[in-house]
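Visitor: Model the following, please.
(chains A and B)
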Amino acid sequence: MEKIIKPRGTMDVMAPDVFAWNYIEGIVRETAEVFGFTEIKTPTFEEIGLFKRGVGETTDVVQKEMYSFTDKDGTMYALRPEGTASVVRALIENGKISDTLPLKYFYIINCFRYEKPEAGRSREFVQFGSEMFGAPSSLADFTIISLADSVLKKIGLKNIKLHINSIGCPKCRPIYREELVKYLRANESYLCDTCRERMETNPLRVLDCKNDSCKKVAQNAPKTIDHLCEECKEHFEDLKSSLDACGIDYVVDPHIVRGLDYYTKTVFEFIAEGIGSQSTVCGGGRYDGLMEELGGPKMPGIGFGMGITRLILAMKQDGIEPPVLAVPELYVASMGKNAGRKGLEIVSELRKAGINAETDLVGRSLKAQMKYADKISAKYVLIIGDSELEANKASLKEMATGEQTELTLDKITEYIISKNI
RNA sequence: GUGGAUGUAGCUCAGUUGGUUAGAGCGUCAGGUUGUGGCCCUGAAGGCCGUGGGUUCGACCCCCAUCAUUCACCCCA
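Guide: Alright, predicted model coming up:
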C-alpha cells in the first residue's frame, strides 16, 4: 500500500516536544489567570469577510495566505489565519461588550496560513494570544506587554529582547506618511524594485526591508516617533515610563512596523536571537479602530500573539528542559496466569489511589520484564509467581538499591502508598 | 511566490572513479542453564537508497522532473 504523508507545513508533536508544549501551555494558563484574563474558544473557521475586514484586505495574510472554501450552501469560509478578529466578533455577538470594562481574554488556538514552511513557520501553527478591550490608557499597553514578558521569563528564556515602537493614530499617521513618501521619492534610486512599488502602496514597509541599500535609506528616513501627535507622543512616553519603573528592558525600534492593518499607536515584538530567520516569538500592539471596523462600538483594544513552536525553538537553544512524564512507582512482574491476574489487581488499586503503576501486557519473560521495568525507570518491582501466590506473599525489589523484601500480598498497596507520601 | 542546499534501516550517518548479495553506531526483539534490571557478549528483525522518468551492458552514485525537508527572501506567530 502506498504511504500517506501529512500535509505540507503541518506537524506531529510527540515526546519529547510534547512535554515542552504542555509546559508552555501550563505557564500560559497560570500566568494569564494571575493577570485576570479568562480563556475564550472560538471556531476554527469563520466567514471570510471577517478576516478581510479585520485583518485588512490589502495584507498578504488575506490576499494570498488564507485557506478558504465554499460551504455546501455557498457561503465562503476561511480557516482562521489569526485570533484577534474572531475574538472581537465573539465579544460583539455574545454581548460581552456590555460587561464591565476592561474585557480581558486569552486563547491558545491553532491558526492556518498558506506559506512556504521553514524553521519556526508552518502552515498550521499554534499561538497563545491575549486581548484587552475598553482600556485606552498606556497602562493597558504596559499590562499586555508585562503579561507576555512574564510568560517568557517564567519559561526561563534568556536571550529575548523587547522592541517597541509607536506608529501613530489616524490623526498623525497620514501626515507622517506624506513626509516619508517625500523622503523616499528623493532617494528612489537607492531602493530595490519591490520597495519602489511599496513606496506608493505601503511606504511604512520600506523601513522593514532587508536589502542593504534600502536599509541605508531607512536609517535616515523620518521616524514615526518623531512625528506623533501630542496624544500619541504622551501615550508612548507614559508606556516607556511604566516599563522603566517595573524593570522591563526594551529598545525603541523605529523599524518595527507590523503587517496587519489594524494596528495603531503602540506596536511591539519580542525577538529571540539565534533561532533562525523567524525570530519574532511574540508580536502585538494596539488596535483602537478594530472593534468599530467589525461592527461593534468604538472601543480601544490591545493584544499580542505568541508562537508556541517558536518558543520551543528558543527553549531548545537555551537548553531549558521541560518536566517529563511521571515515572512509575511500581512495576509488577508476574509469572503465570493467576499471578498475572493478581498483579493487575494490585496495579488497579494503586491507580485508583492515583499512583503510577504498570504490569506486563505483552507476555514477556521474567528477565525481560525486569529489563522493561528498568527501562521505564520504575522505582519498585513486585515479583509474583505461583509459589508466592500459594504463600500469599510476593517480593518487592527497590530498583535503585537492589534490596529485596518479602511482603504479604494484602500489605503491598498499603506499603507502596506509604512510600509514596 | 523567488533563489540555494539536502533526501540511504525507527534515529544519527558511512557507501570508494557507475560494477554482482547496500553497511556501522544507537534503538527494538530474542538469547548468554533451572524465577531477577543496569555493564558486557551473541544473534535476529528491519531498506523498491524519497518518488517517477531518462542515459548505460549495468545506477544509491550521472541527467531531468516531482514530492518532502531545510536555509535565505517575501511576510509573519
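Visitor: RNA strand B contacts on the stretch 101-250 of chain A?
Guide: With CB under 7 Å from any atom of the strand as the criterion, the stretch 101-250 of chain A comes near RNA strand B at residues A:113, A:115-122, A:125, A:127, A:194, A:198, A:205, A:208-211. Placement of C-beta: from N, CA and C, glycine included.
Visitor: tell me which residues in stretch A:3-20 are buried?
Guide: Using 16 or more other CB atoms under 10 Å as the test for burial, stretch A:3-20 gives A:9, A:17, A:19-20.
Visitor: So which of the residues you listed reach RNA strand B?
Guide: residue A:9.
Visitor: So which helix or strand of chain A has the lowest pLDDT on average?
Guide: Of all regular secondary-structure elements in chain A, judged by mean pLDDT, DSSP states H and E, the least confident is helix A:193-201 with a mean of 72.
Visitor: ok, and what's touching that one?
Guide: Outside helix A:193-201, the residues within contact range by CB atoms under 8 Å, 6 or more residues apart in numbering are A:58, A:181, A:184-185, A:188, A:191, A:205-206, A:209, A:211, A:214.
Visitor: Would you mind putting those into TSV with distance to residue A:288 and secondary structure alongside?
Guide: Putting the contacts of helix A:193-201 into TSV (distance: CB to CB, whole Å; DSSP: H, G, I helix; E, B strand; the rest coil) gives the following:
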residue	distance to residue A:288	secondary structure
A:58	19	coil
A:181	24	helix
A:184	27	helix
A:185	30	helix
A:188	33	helix
A:191	31	coil
A:205	21	helix
A:206	24	helix
A:209	27	coil
A:211	32	coil
A:214	30	helix
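Visitor: Would you convert these into a markdown table that also reports pLDDT and neighbour count?
Guide: Supplementary listing: the contacts of helix A:193-201 in a markdown table, determined by pLDDT from 0 to 100; neighbours: other CB atoms under 10 Å:
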| residue | pLDDT | neighbour count |
| --- | --- | --- |
| A:58 | 78 | 12 |
| A:181 | 85 | 14 |
| A:184 | 84 | 24 |
| A:185 | 85 | 13 |
| A:188 | 79 | 11 |
| A:191 | 77 | 21 |
| A:205 | 74 | 15 |
| A:206 | 76 | 26 |
| A:209 | 68 | 18 |
| A:211 | 67 | 16 |
| A:214 | 73 | 23 |
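Visitor: residues touching residue A:222, list them.
Guide: Shown here is residue A:222, whose contacts under the criterion CB under 8 Å, 6+ apart are A:176, A:179-180, A:183.
Visitor: and it, which of the three is it?
Guide: Using DSSP: H, G, I helix; E, B strand; the rest coil, the structure places residue A:222 in coil.
Visitor: Please render the buried residues of stretch A:3-20 as JSON lines that adds distance to residue A:381, pLDDT and secondary structure to the earlier fields.
Guide: Formatted as JSON lines, the entries for the buried residues of stretch A:3-20 read as follows, by distance: CB to CB, whole Å; pLDDT from 0 to 100; DSSP: H, G, I helix; E, B strand; the rest coil:
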{"residue": "A:9", "distance to residue A:381": "45", "pLDDT": "91", "secondary structure": "coil"}
{"residue": "A:17", "distance to residue A:381": "30", "pLDDT": "88", "secondary structure": "helix"}
{"residue": "A:19", "distance to residue A:381": "25", "pLDDT": "91", "secondary structure": "helix"}
{"residue": "A:20", "distance to residue A:381": "30", "pLDDT": "91", "secondary structure": "helix"}
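Visitor: Rebuild the buried residues of stretch A:3-20 as JSON lines, extending it with distance to residue A:333.
Guide: Putting the buried residues of stretch A:3-20 into JSON lines (distance: CB to CB, whole Å) gives the following:
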{"residue": "A:9", "distance to residue A:333": "45"}
{"residue": "A:17", "distance to residue A:333": "32"}
{"residue": "A:19", "distance to residue A:333": "28"}
{"residue": "A:20", "distance to residue A:333": "33"}
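Visitor: With respect to residue A:396, which of the buried residues of stretch A:3-20 is nearest?
Guide: For the buried residues of stretch A:3-20, the closest approach to residue A:396 (CB to CB) belongs to residue A:19, at 29.9 Å.
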